[in-house]
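Novice: when you get a sec, could you give me coordinates for this:
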Amino acid sequence: MHTRGDKELLEFLTEEIATEKKNQKMKVPPTTFEGFDVKYDGAEVVLSKKFNDEEIKISYTVKHTVDSEVPEELNPNAEQPEGGEMKSKPEFEVDIIKNGKTIGFTCNYVQQNTEEGEAGDVFAIDEVTFYEGEWKDSNYAVAGDILDGYLYDLFMNMLEERGISNEFVDKLSDCSTGFEHKMYISLLENIQKFISS
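Specialist: Next up, the predicted model:
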């Protein structure tokens, strides 16, 4: 032990790791998810599957993706409102690849501010691109919010037909949340080992 601060940090980490492990929902990340094969590289995740003569790839990172969900009903009598569940909602890339050509979509989760009885989309298309071969920064992309409304809907249908629906993206958030939490616990354990060595 090097300093008093190190000792306090180690004590906190021991408690925090125990608490986080108790709340852990995912012990082992899945290798398949909703018909996709899943590969992990650190905090990066790639899902892939074949669809007819296309390869569908979804890629994202769990870094900086966790936010607290606001509970649906806040108790006005509570001294301090409870925070919502921590959820990972990463920006994700969807690539539809055929014959060396790619239609790429950058997608993001949307805030759910729906009125009673209204169900909105769980995700939105932020950007669309098309390219041959490997991606380059010089490839053109268009923002999703300036697309013709009908074209935007057709792109959303295209994604849904390939398995990227609102239901799928909602489940993806749950899977991402579990994996991010596992990565967080691993980070804490590595810091603990570093300080105690």
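
Novice: elements contacting the helix of greatest length in the chain?
Specialist: The longest helix of the chain (DSSP state H) is helix 166-196. In terms of contacts (3 or more Cβ pairs under 8 Å, 6 or more residues apart in numbering; DSSP states H and E), helix 166-196 is packed against helix 4-23, strand 32-33, strand 86-88, strand 101-109. Just so you know, the C-beta spots here come from the backbone N, C-alpha and C atoms, and that holds for glycine as well.

Novice: show me what the least confident helix or strand in the chain by mean pLDDT is packed against.
Specialist: When the helices and strands of the chain are scored by mean pLDDT, DSSP states H and E, strand 66-68 comes last with a mean of 81. Other elements packing on strand 66-68 under the criterion 3+ Cβ pairs under 8 Å, 6+ apart are strand 86-88.

Novice: how far out from the middle of the chain is whichever helix or strand comes after the strand it packs on?
Specialist: Scanning forward in sequence from strand 86-88 by DSSP states H and E, the next helix or strand is strand 92-98. Here the centre of strand 92-98 is set off from its chain's centre by 16 Å, with Cα atoms, centre = their mean, to the nearest Å.

Novice: picking up where we left off before, show me what counts as buried in the longest helix of the chain.
Specialist: 168-169, 172-173, 175-185, 188, 192, 195 (16 or more other Cβ atoms under 10 Å).

Novice: quick one: pLDDT of the closest residue to Phe155 other than its chain neighbours?
Specialist: Leaving aside its chain neighbours, Phe155 sits nearest to Ile125 (5.8 Å; criterion: Cβ to Cβ, 6 or more residues apart in numbering). Note for Ile125: predicted pLDDT of 98.

Novice: Ile125 is in what secondary structure piece?
Specialist: Per DSSP H and E: strand 123-132 holds Ile125.

Novice: give me the contact list for that strand.
Specialist: Strand 123-132 is contacted by residues 91, 100-110, 135, 139-145, 147, 152, 155-156, 159, 166, 169 when judged by Cβ atoms under 8 Å, 6 or more residues apart in numbering.
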